[in-house]
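*Asks:* Build me a model:
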Amino acid sequence: AIESIILEAESANSITAPFVVENDPTASGGQYITYPSGTTQSNPPAVGATAGIAKYNITINEGGTYKLFLHVLCTTSGAHDDSCYVRIEGSTPSLTVGANNWVICNNIDGSVTAAVSTNWFWAQVRQYSSEPGELITFDIPKGNRTIEIAYREDCFKIDSLILTNDPAASTTNLPLPISSKPNPADKSTGVSLDTKLSWKPGIYAETFNVFIGTDFNDVMDATVSAHDGVELFQDIDVNNMKPGMLEYGADYFWRVDDIGTTTNKGSVWKFTAESEGAELDVKNIIGVEAFAPQGAIYDDQEPNKTYN
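*Replies:* Predicted structure coming up:
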């Protein structure tokens, strides 16, 4: 199955200086990450380095060959700042890369002297050995992985990321900046059974289609015309909705597609509903006592299971 993981750059699980988060209404989610003027780094980060690294924890469900795309903005004058370092934990790059498995992602727009656009654009990650560098793919096994981005040239701006195993994916057919910042947050646990889902709209969304189910692949592959096992909430004109009463302890997957002049497919997010009853550590139980209830007796009372 096609698997695409879409991330907002500013929503990293961890991000360290000199990276900073800046605002831009034309960026997906209204923000991006960058590093200020004067913070260039000529060599890939050393082993154990922590400064200037953004980390994104992901789960690979399919495994295989993946492409990584960045939604970026380069400077169009002077030194043409257009680079960063990239690596994916546990992956095997298709080309020889830099020290400590860091891809030297220079000339990201494929140009040596001038950026291709003064607007945000998609670029596939490339390994720089000679001008202008070569496009690179990553062989990634299933499991939990981490995408890392480290700073290289100052003032280079990164808005969002797409990691996909779609062989047809290219910079010309990727989605426009889409809805982000789900609430409950991705991989949340203990979510209330009557929760309301909400998200930050993509900048081109007019309405939304929301898919929710209990199987990742079903939600990933669902369409308006074919969504067996997945509930569809169609043409929502606000960025929140209530899916109805959930089940205790169940895992749920959901996706928000932005509907505008085109339909832009969203990421699949996950949350787990709250458990039925409280889970108590044995050492916190101070006593157990069975007793016959006083007063009114109800059919569903089970006094032999009473604890305090």
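*Asks:* For the residue nearest to E274 when sequence neighbours are not counted, give me its contacts.
*Replies:* Distances taken as Cβ to Cβ, 6 or more residues apart in numbering put G190 closest to E274, at 4.9 Å, once the chain neighbours are dropped. Placement of C-beta: from N, CA and C, glycine included. Listed by Cβ atoms under 8 Å, 6 or more residues apart in numbering, the contact set of G190 reads T272, A273, E274, S275.
*Asks:* Let me see the ranges of the helices in the chain.
*Replies:* For the chain, the helices defined by DSSP state H cover 216-221.
*Asks:* sorry, back to before: filter the contacts of G190 down to the buried ones.
*Replies:* The neighbour count (16 or more other Cβ atoms under 10 Å) marks T272, A273 as buried among these.
*Asks:* Pipe the contacts of G190 into CSV and attach pLDDT per row.
*Replies:* As requested, the contacts of G190 are exported to CSV (pLDDT from 0 to 100):
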residue, pLDDT
T272, 97
A273, 97
E274, 96
S275, 94
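*Asks:* partner strands of the worst-scoring helix or strand of the chain on mean pLDDT, parallel or antiparallel?
*Replies:* Ranking every helix and strand in the chain by mean pLDDT, DSSP states H and E puts strand 263-264 at the bottom, with a mean of 82. Using DSSP bridges, the strands paired with strand 263-264 are strand 251-259 (antiparallel).
*Asks:* just to revisit the earlier point, just curious, which of the contacts of G190 is nearest to V21?
*Replies:* T272 (28.4 Å; Cβ to Cβ).
*Asks:* Could you report the separation of that closest one from V191?
*Replies:* T272 sits 7 Å away from V191, going by Cβ to Cβ, to the nearest Å.
*Asks:* Wait, T164 touches I58, no?
*Replies:* No - contact criterion Cβ atoms under 8 Å: T164 and I58 do not qualify, at 11.8 Å.
*Asks:* and for these two, which residues touch both?
*Replies:* Here T164 and I58 share the contacting residues I5, scored by Cβ under 8 Å, 6+ apart.
*Asks:* average pLDDT across stretch 24-44?
*Replies:* In this model, stretch 24-44 has a mean pLDDT of 82.
*Asks:* cool, stretch 197-204 as well?
*Replies:* Averaged over stretch 197-204, pLDDT sits at 86.
*Asks:* how long is it from one end to the other?
*Replies:* Terminal residues of stretch 197-204 are spaced 20 Å apart (Cα to Cα, to the nearest Å).
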